[in-house]
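Student: kindly generate the corresponding structure for this input.
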Amino acid sequence: MTTQSSHDGASRRDVLAVGLGLAAFSVAPTFAAASPASPTPGAKTMSSGFVTTKDGVQIYYKDWGPKTAQPIVFHHGWPLTADDWDNQMMFFYAQGFRVIAHDRRGHGRSTQTDTGNEMDTYAADVAALTDHLDLKNAIHVGHSTGGGEVIHYVARAKPGRVAKAVLIGAVPPIMVKSDKNPGGLPIEVFDGFRAATAGNRAQFFYDVPAGPFYGFNRPGAKVDQGVIWNWWRQGMTGSVKAHYDCIKAFSETDFTDDLKKVDVPVLVMHGDDDQIVPIADSALLSAKLVKKGELKVYKGLPHGMCTTHPEIINPDLLAFFKA
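Tutor: Presented below is the predicted three-dimensional model:
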């Protein structure tokens with residue numbers, strides 16, 4: 001895949017049309033496996049559970065693979081869950097990695113709370129998870145809002161915890177428009193997001209994946225209803241209050257200093273037809289701010305490209321992990 005590309009980019013009209021659809025990675029299930037008749041060694045390496053944070057919140061997680069293998073931690077975006085990484089979890093589990101994904105507080109199976117729905121606490125929750133599992137030399141992969149969570153955590157991580165990081169369709173450096181960020185999206189976009197989430201999120205959580213998130217609104221697009229409803233299902237399991245609060249977290253947090261501080265290799269991946277997080281004010285800037293950055297731009301691919309094109313994204317991730 002090209003490391004640089006002309007930017008056809010989504011116009012501001014495209015983004016405003018849906019109120020912006022910042023969310024997470026979505027993953028279409030491309031693996032089908034028969035259930036074993038009896039327990040296998042692999043079954044002993046798969047588990048799920050909860051870690052309790054300092055403020056009493058329970059964070060749900062999945063932990064698959066040998067405990068001695070290099071860990072990959074997947075961070076989902078708004079308003080989804082660890083399930084959004086099903087395709088990547090299966091792919092990298094089969095490659096012999098230890099794969100972990102969690103539901104952010106207020107999302108999915110984690111505690112619904114009206115406190116801590118901001119990036120500092122999100123990063124602290126990840127630290128609690130990595131301490132609980134004693135993860136070392138881990139690779140952290142984040143999509144959309146999850147990319148912000150990744151860079152915020154990695155910039156603060158204990159020595160030895162992190163080996164590499166990946167930002168996919170991610171929100172850093174900062175989304176909202178200001179004097180310092182004239183290329184950002186107007187605050188009215190995010191106000192519209194809040195209004196739609198509080199007013200009728202059931203409809204909004206259908207419109208986002210059915211439209212710009214996967215590029216299903218593009219002429220000739222092959223629309224996958226299963227993918228749309230899986231996005232909707234994940235979103236509706238979380239707390240509307242947490243989702244509402246998270247909009248401020250993903251749109252107004254400035255990750256510039258985090259990006260500059262991180263000294264591990266960082267792969268920045270972005271589709272140039274991302275209608276949710278426009279590439280010009282995100283990946284193209286983030287890749288220049290990190291010390292050891294690599295930028296990969298994917299011609300014509302949407303925000304949810306890990307779901308729509310896993311056959312492209314997964315091998316590129318694997319190559320970076322093994323490099």
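Student: could you pull out the strands for the protein?
Tutor: For the chain, the strands defined by DSSP state E cover 46-52, 58-64, 71-75, 98-102, 138-143, 162-168, 266-271, 293-298.
Student: closest one to residue 153 among these?
Tutor: strand 138-143 (6.8 Å; CB to CB). C-beta coordinates here come from the backbone N, C-alpha and C atoms, glycine included.
Student: let me see the mean pLDDT of that closest one.
Tutor: Regarding strand 138-143, the rounded mean pLDDT is 98.
Student: next one: stretch 167-179
Tutor: 98.
Student: in contact with residue 194, which residues?
Tutor: By CB atoms under 8 Å, 6 or more residues apart in numbering, the contact list for residue 194 reads 244, 247.
Student: tally of neighbours for residue 272?
Tutor: Residues contacting residue 272 under the criterion other CB atoms under 10 Å number 22.
Student: my read is that it contacts residue 279, right?
Tutor: Yes: Residue 272 is within contact range of residue 279, at 5.5 Å (criterion: CB atoms under 8 Å).
Student: circling back to that earlier point, including mean neighbour count and distance to residue 178, could the strands of the chain go into JSON lines?
Tutor: As requested, these are exported to JSON lines (neighbours: other CB atoms under 10 Å; distance: least, CB to CB, whole Å):
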{"stretch": "strand 46-52", "mean neighbour count": "14", "distance to residue 178": "36"}
{"stretch": "strand 58-64", "mean neighbour count": "20", "distance to residue 178": "32"}
{"stretch": "strand 71-75", "mean neighbour count": "28", "distance to residue 178": "25"}
{"stretch": "strand 98-102", "mean neighbour count": "25", "distance to residue 178": "31"}
{"stretch": "strand 138-143", "mean neighbour count": "28", "distance to residue 178": "23"}
{"stretch": "strand 162-168", "mean neighbour count": "25", "distance to residue 178": "21"}
{"stretch": "strand 266-271", "mean neighbour count": "27", "distance to residue 178": "22"}
{"stretch": "strand 293-298", "mean neighbour count": "20", "distance to residue 178": "24"}
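Student: of all the ones you listed, which one is nearest residue 200?
Tutor: With CB to CB as the yardstick, what comes closest out of those is strand 138-143 (25.1 Å).
Student: show me what that closest one is packed up against.
Tutor: strand 71-75, helix 145-154, strand 162-168 (3 or more CB pairs under 8 Å, 6 or more residues apart in numbering; DSSP states H and E).
Student: relative to residue 264, which of those is closest?
Tutor: Of all the helices and strands packed on strand 138-143, strand 162-168 comes closest under CB to CB, at 5.5 Å.
Student: what pairs with that closest one, parallel or antiparallel?
Tutor: Neighbouring strands of strand 162-168 in its sheet, by DSSP bridges, are strand 138-143 (parallel), strand 266-271 (parallel).
Student: around residue 95, how many other residues sit close by?
Tutor: Neighbours around residue 95, by other CB under 10 Å: 16.
Student: where does pLDDT dip in the stretch 151-300 of the chain?
Tutor: Applying pLDDT under 70 to the stretch 151-300 of the chain flags no residue at all.
Student: which residues of it fall in helices?
Tutor: For the stretch 151-300 of the chain, helices defined by DSSP state H, counting those that start in this stretch occupy the ranges 187-208, 225-237, 240-252, 256-261, 283-289.
Student: quick one: contacts for residue 66?
Tutor: Listed by CB under 8 Å, 6+ apart, the contact partners of residue 66 are 45, 96, 98.
Student: roughly how far does it sit from residue 256?
Tutor: 37 Å (CB to CB, to the nearest Å).
Student: could you do residue 157 as well?
Tutor: Note on residue 157: its distance to residue 256, by CB to CB, is 18 Å.
Student: those two: who's more crowded?
Tutor: Comparing residue 157 with residue 256 by other CB under 10 Å, the one with more neighbours is residue 157, at 20 against 17.
Student: find the centremost residue of the protein, please.
Tutor: residue 143 (2.3 Å; CA atoms, centre = their mean).
Student: now do the contacts for that one.
Tutor: Neighbouring residues of residue 143 by CB under 8 Å, 6+ apart: 24-25, 75-77, 84, 168-170, 306.
Student: specify the beta-bridge partners of it.
Tutor: Note on residue 143: beta-bridge partners residue 168, judged by DSSP bridges.
Student: hmm, back to that, format the helices and strands packed on strand 138-143 as TSV; extra columns: distance to residue 299.
Tutor: Shown next, in TSV, are the helices and strands packed on strand 138-143 (distance: least, CB to CB, whole Å):
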stretch	distance to residue 299
strand 71-75	25
helix 145-154	20
strand 162-168	16
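Student: and the ones you listed: which comes nearest residue 118?
Tutor: Of the helices and strands packed on strand 138-143, nearest to residue 118 by CB to CB is helix 145-154, at 10.0 Å.
Student: what about the closest one, distance to the chain center?
Tutor: Centroid separation between helix 145-154 and its chain, computed with CA atoms, centre = their mean, to the nearest Å, is 9 Å.
Student: and that helix, what other elements does it pack with?
Tutor: strand 71-75, helix 119-133, strand 138-143, strand 162-168, helix 240-252, helix 256-261.
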